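Student: need a 3D model of the sequence below.
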Amino acid sequence: MNLHNLRTFLAVRKHLNYTRAAEEVCLTQPAVSRQVRQLEEELGVRLFEQIGKSLHMTDAGETLAAEAEKLLGAMERTAEAVRSHRSAERGSIRIGASTTPGFYLLPDLLGSFHHRFPKVALHYIVENSLRIEQALVRNELDLGFVGAHLANENLVLRPLLEDEIVCFTSPSHRLAKARNISPGSLGEELWILREKGSATRRLFEEWLSSREGTMRNAIELTCPETCKALVKAGIGISFISIHGLRSEIRARRLVRLPVRGMSLKRPIFLARHSEKRISPVMQSFLEIVESGLPKLTLPRD
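Tutor: Numbers count the residues shown, from 1 in each chain. Below is the predicted model:
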């Protein structure tokens, strides 16, 4: 059934006059008559009847008019919903982050984005860097934020800001007041560690091994906040992004350990699939990231 014919039919129904209907739809009167006749032939019913000088709708015409209005209204709403994706006002975005950006950098930026674009559906996961990489490759995420250089050749990475990994403990720990700690002296300490697959753990282990240090006693956890909670309770020492110690250092609930020669810096990367088109929603989020990240960096203590 031709949509143009339906629109013309509704104009005739509105005016009950072929000439005025033709003026509304910008067609000639014969063209309007022809389109109505095509509908009648297609449906096998009369839609209008001429009684004297007046044009009247048949019952079949009334039924078609009611259904045509529903159909055309639904199509216009569908078109408008699809057209809305040309802007960032509607749509969805899938964001994943490894634990450092996921816990300590992205939440404020996500909040800013939601307040500015409340109708955009936001999907957010926090996993280790390896799982974020896998999700990007499988197109389960639009954007990823990680603290490791992802090796997959299908991904495009861009450094966003510099991060630093530091050791820390509770103020009550015997090392809290130390001024110069040798990496080799930490082998007997109880370490609170992130799980294997964590970019933070991998980077620290590589550095410690290069200084002939070891971690013989360890408790392994998947959440950095749980690691901090155990250390606050006086259980061992740990390491984390400096961004993750912001409030605790200022409140003196945790202290940074001065480990000799430790200068573990790395970039936080933005990652996406190389074949992923940057939608208006993605672009708007990236603009918030670019403007908001400098406000979230922590000055060195």
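Student: list the helices and strands the helix or strand of the chain with the lowest mean pLDDT packs on?
Tutor: Taking mean pLDDT, DSSP states H and E as the measure, the helix or strand of the chain with the lowest value is helix 59-83, at a mean of 84. Applying 3 or more Cβ pairs under 8 Å, 6 or more residues apart in numbering; DSSP states H and E, we find helix 59-83 packed against helix 3-15, helix 29-43. All C-beta spots, glycine's among them, are computed from the backbone N, C-alpha and C.
Student: of those, which approaches F117 most closely?
Tutor: For F117, the closest of these is helix 3-15, at 32.7 Å, according to Cβ to Cβ.
Student: I'd like the next helix or strand past the closest one.
Tutor: Using DSSP states H and E, the helix or strand that follows helix 3-15 towards the C-terminus is helix 18-25.
Student: how about that following helix: buried residues?
Tutor: 18, 21-22, 25 (16 or more other Cβ atoms under 10 Å).
Student: for stretch 264-279, same thing?
Tutor: Buried, per 16+ other Cβ under 10 Å, within stretch 264-279: 264, 266-273, 276, 279.
Student: circling back: which outside residues touch the least confident helix or strand of the chain?
Tutor: 3, 6-7, 9-10, 13, 39, 43, 45-48, 57, 90 (Cβ atoms under 8 Å, 6 or more residues apart in numbering).
Student: between it and helix 3-15, how many degrees?
Tutor: If you take axes from the mean of the first three to the mean of the last three Cα atoms, to 10 degrees, helix 59-83 sits at 120 degrees to helix 3-15.
Student: not counting its own residues, what contacts the following helix or strand past helix 59-83?
Tutor: Per DSSP H and E, the first helix or strand lying C-terminal to helix 59-83 is strand 91-97. Strand 91-97 has contacts (Cβ under 8 Å, 6+ apart) with 84-85, 102, 105-106, 110, 120-127, 132, 135-136, 140-146, 279-282, 285.
Student: please repeat the previous calculation with a cut-off of 7 Å.
Tutor: 85, 106, 120-127, 132, 135, 140-145, 279, 281-282, 285 (Cβ atoms under 7 Å, 6 or more residues apart in numbering).
Student: who touches T99 in this structure?
Tutor: By Cβ under 7 Å, 6+ apart, T99 lies in contact with 126, 128, 198, 224.
Student: which secondary structure elements does the helix or strand hosting I268 sit against?
Tutor: Element membership for I268, per DSSP H and E: strand 264-273. For strand 264-273, the elements it packs on are helix 129-137, strand 143-146, strand 155-169, helix 199-210, judged by 3 or more Cβ pairs under 7 Å, 6 or more residues apart in numbering; DSSP states H and E.
Student: got a markdown table for the helices and strands packed on helix 59-83, with mean pLDDT and mean neighbour count too?
Tutor: Formatted as a markdown table, these follow (pLDDT from 0 to 100; neighbours: other Cβ atoms under 10 Å):
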| stretch | mean pLDDT | mean neighbour count |
| --- | --- | --- |
| helix 3-15 | 90 | 18 |
| helix 29-43 | 92 | 16 |
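Student: and those: which comes nearest T169?
Tutor: Checking the helices and strands packed on helix 59-83 against T169 by Cβ to Cβ gives helix 3-15 as the closest, at 71.2 Å.
Student: tell me the angle of that closest one relative to helix 29-43?
Tutor: Counting by the same axes, to 10 degrees, helix 3-15 lies at 110 degrees to helix 29-43.
Student: which other residues reach helix 3-15?
Tutor: So helix 3-15 is contacted by 18, 21, 24-25, 27, 32, 35-36, 38-39, 47-48, 57, 61, 64-65, 68-69, 72 (Cβ under 7 Å, 6+ apart).
Student: follow-up on the earlier one: nearest to R179, of the helices and strands packed on helix 59-83?
Tutor: The nearest among the helices and strands packed on helix 59-83, by Cβ to Cβ, is helix 3-15 at 79.9 Å.
Student: give me the neighbour count for H149.
Tutor: Applying other Cβ atoms under 10 Å, we find 14 residues neighbouring H149.
Student: confirm that it sits in a helix.
Tutor: No: with DSSP: H, G, I helix; E, B strand; the rest coil as the criterion, H149 is coil rather than part of a helix.
Student: in stretch 96-114, what counts as buried?
Tutor: Going by neighbour count (16+ other Cβ under 10 Å), the buried part of stretch 96-114 is 96-106, 109-110, 112-113.
Student: off-centre distance for that stretch?
Tutor: Distance of stretch 96-114 from its chain centroid, counting by Cα atoms, centre = their mean, to the nearest Å, is 10 Å.
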